[in-house]
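A.B. asks: Generate a structure from the sequence data that follows.
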Amino acid sequence: MAKRAVITGGQGGLGEALRVQLEADGYVVLAPGRGELDVTYSASVDAFFKEAGEIDLLVCNAGKTEDALFAKMTEKAWDLAMDVNLKGAFRCARAVSKQMLKRRTGHVIFISSYSAFHPPLGQVNYAAAKAGLEGMCKSLAQEWGGRGVRVNLIVPGFMETKMTQVLPDTVHESAKQRHVLGEFNSPEKVAQFVCFLDQVMMQTSGQNFNLDSRVL
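C.D. replies: Numbers count the residues shown, from 1 in each chain. This next block holds a predicted model:
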């Protein structure tokens, strides 16, 4: 029977690459956008996963930036970044956990960010939220490991997607200079790694994988 996967934030550049690669590898994939699955609302999350059936792989990919210098950051901007990036992942992981633990199988992957480890100016909310995913990953890996459920975290790296296309060329060039190999990662390469992690690295849980050549 084909494995079933859910990709939150499924309409973005990385979400689309994940969907294509997982489907090519034989998964049945649900890749909802915000209209189908709004991770900031528990009712939306619960309703979606109630209809989704048994899930073997959950990729928590939904993300949101609300950048501002700390002195000018509003509570609304702070709360939104936390609600999408951290609490949204919590809601979705909670929604699949009961079925995974009951079946003693399953895999949750959190998509983090280089900003969690080396945050730029103006991303204190986003950096804090993404850093929180590492703690959640390690805690859940310990809590669920005895029931056969894996949890891992991926830092995909700077990718040329819709999210980064709006950034000035100077930002792109500055980012590339921090890559020791002098090149960016791609959504397609990240998607290939996700499949490898889920299908081959079956004894791996509680780990943090940085996929570009910037040194954490």
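
A.B. asks: What count of nearby residues applies to the residue lying closest to Phe70 once chain neighbours are set aside?
C.D. replies: Distances taken as C-beta to C-beta, 6 or more residues apart in numbering put Val124 closest to Phe70, at 5.2 Å, once the chain neighbours are dropped. (Each C-beta comes from the backbone N, C-alpha and C, glycine too.) As a burial measure, Val124 scores 19 neighbours (other C-beta atoms under 10 Å).

A.B. asks: for the one 10 residues further on, same thing?
C.D. replies: Number of residues near Glu134 (other C-beta under 10 Å) recorded here: 17.

A.B. asks: Likewise for Gly33?
C.D. replies: Neighbours around Gly33, by other C-beta under 10 Å: 14.

A.B. asks: And it, how close does it get to Asp56?
C.D. replies: Gly33 sits 21 Å away from Asp56, going by C-beta to C-beta, to the nearest Å.

A.B. asks: got it, and Ser213?
C.D. replies: 31 Å.

A.B. asks: same thing with Met201?
C.D. replies: From Met201 to Asp56 the distance is 15 Å (C-beta to C-beta).

A.B. asks: any low-confidence regions in the chain?
C.D. replies: Segments of the chain classed as low confidence (criterion: pLDDT under 70) are 161-168.

A.B. asks: From the chain's centroid, how far away is whichever helix or strand Asp79 is part of?
C.D. replies: Under the criterion DSSP states H and E, the helix or strand holding Asp79 is helix 75-82. Here helix 75-82 is found 18 Å from its chain centre; the criterion is C-alpha atoms, centre = their mean, to the nearest Å.

A.B. asks: name the helices or strands packed onto it?
C.D. replies: helix 124-144 (3 or more C-beta pairs under 8 Å, 6 or more residues apart in numbering; DSSP states H and E).

A.B. asks: which other residues reach the helix it packs on?
C.D. replies: 60, 64-67, 70, 73, 77-78, 81-82, 84-86, 89-90, 93, 97, 100-101, 108, 110, 112-113, 115-117, 119, 150-153, 205-206, 208 (C-beta atoms under 8 Å, 6 or more residues apart in numbering).

A.B. asks: which residues touch the helix or strand harbouring Val20?
C.D. replies: Element membership for Val20, per DSSP H and E: helix 13-24. Residues from elsewhere that reach helix 13-24, judged by C-beta under 8 Å, 6+ apart: 5, 7-10, 29, 31, 57, 59, 61, 111, 156, 159, 161-163, 186-188, 190-192, 194-195.
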